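Peer 1: Structure for this input, please:
(one chain, ligands or ions: 1)
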Amino acid sequence: MDSSSSFKTLSYDDARGVYNLIGAGQDTQAFYEDVATGKVIAHGDFASAESVFEFGCGTGRFGRMLLAEHLPETATYRGVDLSTTMIELAKNKVAEFGGRAEIALSEGGPPSYEPRAAFDRFVSNYVFDLLSEADIAAVISEAHRMLRSGGLLCLSSLSSGHGLISNAVISVWSFLHYLNPRLVAGCRPIEILPFLNDELWEVHYHEAVTPFGLPSEVVVAERL
Ligand SMILES: C[S@@+](CC[C@H](N)C(=O)[O-])C[C@H]1O[C@@H](n2cnc3c(N)ncnc32)[C@H](O)[C@@H]1O
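Peer 2: Down below sits the predicted model:
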């Protein structure tokens, strides 16, 4: 389907091991991730959201930011992650928001256990680039089921390069992934758009960004 097909992805157990080890260190990636996640916030219309789901919530930094600065005071947030370390960090990070915020441990598979049409935003930042192609497709299918009509799918991920410097940087990154995916925390470049069926999703926003030469893409698509 895309250039990600040649990469071997981590098993759920291996991904859990990596992120249990990295824990709070994940937030040091903010120096480049915040450029893409800032665009997710700018184009995800969170000011009108009522219920947000985040797949792979990490330390809860993004969820906390949404609750503190971008969501209406009545809006709720639910984040899931497969790492027990991340879950503990995320619970602490959003504790001050009481019943508005829920954090739950997942076993790593697509969120088929979540209710239908219960959310109006489905967010996932820098998680799809860890998943197999089959899981990316399955998570997007679950997102369609979980979102109400008109809800927004808000994604950011590592992507292939779009220029001399980012092509060079991502080639080195991809080589490290080839040697051992753990060297780059399991993440490899992917393209999101080929996974979005245009009969089910209308892409509102798509942009490639390359902070520090690291290529990422941002997609916001409406559930039809
Ligand atoms: C690169 S980190 C990104 C964390 C956070 N979204 C952020 O942007 O800071 C990837 C996160 O996805 C989680 N993760 C990886 N594979 C997952 C899966 N199959 N299901 C749920 N979470 C997963 C990891 O535990 C980790 O917290």
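Peer 1: Could you give the residue of the protein that lies closest to the ligand?
Peer 2: G58 (2.7 Å; CB to the nearest ligand atom). From N, CA and C alone the C-beta is placed, and that goes for glycine too.
Peer 1: Does that residue belong to a helix, a strand or coil?
Peer 2: coil (DSSP: H, G, I helix; E, B strand; the rest coil).
Peer 1: List the buried residues for the top helix by length along the chain?
Peer 2: For the chain, the helix reaching the highest residue count under DSSP state H is reported as helix 164-179. Residues of helix 164-179 classed as buried: 166, 169-170, 173-174, 177 (neighbour count, 16 or more other CB atoms under 10 Å).
Peer 1: Equivalent analysis for stretch 65-76, please.
Peer 2: Quick answer for stretch 65-76 (16+ other CB under 10 Å): 65-67, 70-71, 75-76.
Peer 1: what does it contact?
Peer 2: 41, 46-52, 77, 94, 97, 99-102 (CB atoms under 8 Å, 6 or more residues apart in numbering).
Peer 1: Please give me every residue in contact with the residue lying closest to I170 once chain neighbours are set aside.
Peer 2: Among residues not flanking I170 along the chain, G161 sits closest, at 4.4 Å (CB to CB, 6 or more residues apart in numbering). Taking CB under 8 Å, 6+ apart, we find G161 in contact with 167-171, 189, 210, 215.
Peer 1: quick one: G161 is in a strand?
Peer 2: No. Going by three-state DSSP, the assignment for G161 is coil, not a strand.
Peer 1: ok, back up a step: next, format the buried residues of helix 164-179 as a markdown table and append distance to the ligand and pLDDT.
Peer 2: Formatted as a markdown table, the buried residues of helix 164-179 follow (distance: CB to the nearest ligand atom, whole Å; pLDDT from 0 to 100):
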| residue | distance to the ligand | pLDDT |
| --- | --- | --- |
| S166 | 18 | 89 |
| V169 | 17 | 91 |
| I170 | 16 | 92 |
| W173 | 13 | 93 |
| S174 | 16 | 93 |
| H177 | 13 | 94 |
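Peer 1: Nearest to Y113, out of those: which one, please.
Peer 2: H177 (29.8 Å; CB to CB).
Peer 1: residues from this structure in reach of the ligand?
Peer 2: Residues of the chain that fall close to the ligand, judged by CB under 6 Å from any ligand atom: 12, 15, 19, 26, 33, 56-58, 61-62, 81-83, 86, 106, 108, 125-127, 130-131, 185, 187.
Peer 1: switch the cut-off to 5 Å
Peer 2: 15, 19, 56, 58, 81-83, 86, 108, 125-127, 130 (CB under 5 Å from any ligand atom).
Peer 1: before we move on, the earlier item: give me the subset of the contacts of stretch 65-76 that lies in strands.
Peer 2: 51-52, 77, 101-102 (DSSP state E).
Peer 1: Let's have the contacts of G161 in CSV, adding distance to S141.
Peer 2: Shown next, in CSV, are the contacts of G161 (distance: CB to CB, whole Å):
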residue, distance to S141
N167, 31
A168, 35
V169, 32
I170, 28
S171, 32
P189, 22
T210, 30
P215, 26
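Peer 1: circling back: buried subset of the ones in strands among the contacts of stretch 65-76?
Peer 2: 51-52, 77, 101.
Peer 1: Adjacent strands (with direction) for the helix or strand following the longest helix of the chain?
Peer 2: Under the assignment DSSP states H and E, the closest C-terminal helix or strand after helix 164-179 is strand 201-209. Applying DSSP bridges to the sheet, strand 201-209 is found paired with strand 216-223 (antiparallel).
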